[in-house]
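please find the sequence and the predicted model below.
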Amino acid sequence: MVNTHSAPALPRFETAFEALDPAFCTPCAPTPLDDLQLVHAQTALGHTLGLPTDWLHSDDFRQILAGAAPLPGAAPQASVYAGHQFGVFVPQLGDGRAHLIGRHQAPDHQLWSWQLKGSGPTPYSRGADGRAVLRSTLREYVASEALHALGIPTTRALAFGVSQQPVQRERTERAAIVLRMAPSFLRFGHFQFWAARGQADRVRQLADAVIAQHFPALVGRYADWLTEIIRRTARLMAQWQTVGFCHGVMNSDNFSILGLTLDYGPYGFLDAFDPQHICNHSDDAGRYAWDQQPQVGQWNCARLLEACLPLLNEDDNAAIEQANGIMGAYAAAYTDAISARWRAKFGLATQQPEDDALMQDYLRLIARGRHDFTLCFRHLPRRAMLMDLVLDQSALKDWLARYDARLARESMAQSTRTAAMDAANPLYVARNHLLELAIRAAEHDDFSVLERLMQALQHPFTEQAGLDDLAALPPNWAAALSVSCSS
């Protein structure tokens, strides 16, 4: 009998660093996890990427995810970079457990790079096993799609799988792999690596490749390109702050050259609001606390500018002066972005002189009581629910009187304002205790908890029937949870 069923049509793949000098990356193959089980795949993202849904659930795709088969027409690689880790410069890092397996062009002509994480050792593993565990892989998978749904620029996660292969960390855990997608995985640290070696020609070659592919209108205009990166990074910090997202490991090698959220390790969302909240148990000094994130973002941008000084001017003093001017774009972009986002969360369509004090006083009020950051904004238009959240009723009533007087100067109808505020204030975020419950179930091969959590997080601004527990205050045991760089 003739087989009339043809294989699903796939896009054309190519090697990701094909146009660059081989010095920027090293050919290396993943170490397969042969028993990998496909746990979850993002079919909606697959559709955006032009990938057949059937293929995403095929054994051919599972083999690619497991590192056992290459993308057709592409060769896997690992790239080298440097970076400041907790403020200390490390001259060589690199993709220690990630393989860039190729890239393709989506139907909208956007190029997407494919990267496996947890796919085994590379020349940059520094003696590590190159693996990721189920716990951290699930967290990265969830966060990538949760931040995307919140409207925050981020790398994406197309799929992840888990193996029975044991991996030794603080305890024995199961190995897992996530397939990450992004227009580019280039980091600030890629530029720092070559700058630290005094190879300005490599910095220029890398910059030219990035500009040609991602900023074609800025070809030859290095100052404008760097200014755009600074602005994107500043706006990203404003987005993190206003949803209560804490990254946890804001090393310069974890900052994307495209202004994407990159590398989800010991991240967290604010529960009880503490501006000095540290989500990473390994961050003893609080360098990356929630209230420090905007300053760290600015500091990392300064490190990128240092690496790119030769692009600005052959004269060092002139280059430094120009870089200082470019750096001014950060504060301006951050101030504009954070102001607009706070006003949206408070339902303020216009800007008045007293707004900053009003908004800051509310933040101080909920910080004093360690009240829930997400719900204190979500329920701001719902006074009965808000009153149930805040202990200092007298202070809240005084503040609400000022707030209502301010709202009276707006022309927006209450129903319209509530809808606008709901679109700025999520109901569902990736809280640590929800992730912990999903991890505990997944460790026993029960992925239904993950499925339910993903359902909520993919529509974070819309109340969904039957998911009330995912929008509730964290239980008392959640306060004892801690996450670290161990993964």
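Looks like it arrived, so ask away. Numbers count the residues shown, from 1 in each chain.

can we go C-alpha only for contacts and neighbour counts from here?
Fine.

what's the average pLDDT for the helix or strand W342 falls within?
For W342, the host element (DSSP states H and E) is helix 316-346. Across helix 316-346, the average pLDDT comes to 98.

again with stretch 239-250
98.

ditto for stretch 101-116
If you average the pLDDT over stretch 101-116, you get 97.

state the distance from the closest residue to T227 other than its chain neighbours to H104.
Setting aside the residues directly before and after it, T227 is nearest to I326 in space (Cα to Cα, 6 or more residues apart in numbering), at 5.7 Å. Applying Cα to Cα, to the nearest Å, the value for I326 to H104 is 33 Å.

more crowded one of those two?
H104 (23 against 19; other Cα atoms under 10 Å).

tell me the helix or strand right after the helix or strand hosting the more buried one.
Per DSSP H and E, H104 falls inside strand 98-105. For strand 98-105, the following helix or strand on the C-terminal side (DSSP H and E) is strand 111-117.

name every strand pairing with that next one and say which way it goes.
Applying DSSP bridges, strand 111-117 is found paired with strand 98-105 (antiparallel), strand 172-182 (antiparallel).

mind exporting the C-alpha coordinates of that strand to PDB?
Presented in PDB, the C-alpha positions along strand 111-117 are these (Å, rounded to 0.1, in the frame of the first residue of the first chain):
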ATOM      1  CA  LEU A 111      14.800  34.900  13.000                       C
ATOM      2  CA  TRP A 112      14.600  32.600  16.000                       C
ATOM      3  CA  SER A 113      17.600  30.900  17.600                       C
ATOM      4  CA  TRP A 114      17.100  27.500  19.300                       C
ATOM      5  CA  GLN A 115      19.000  26.600  22.400                       C
ATOM      6  CA  LEU A 116      19.000  23.500  24.600                       C
ATOM      7  CA  LYS A 117      19.700  24.000  28.200                       C
END
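
which helices and strands sit right next to the helix or strand following it?
Sequence order places strand 132-133 as the next helix or strand after strand 111-117, per DSSP H and E. Secondary structure elements in contact with strand 132-133, counted by 3 or more Cα pairs under 8 Å, 6 or more residues apart in numbering; DSSP states H and E, are strand 172-182.

ok, and for the strand it packs on, which residues are buried?
Buried residues in strand 172-182, counting neighbours by 16 or more other Cα atoms under 10 Å, are found at 173-182.

how far out from the middle of the chain is that strand?
Here the centre of mass of C-alpha atoms in strand 172-182, compared against the chain's by Cα atoms, centre = their mean, to the nearest Å, lies 16 Å away.

pLDDT weak spots in the stretch 301-450 of the chain?
For the stretch 301-450 of the chain, no stretch has pLDDT under 70.

spatially central, which residue of this structure would that be?
Nearest to the mean C-alpha position of the chain, counting by Cα atoms, centre = their mean, stands T261 at 2.9 Å.
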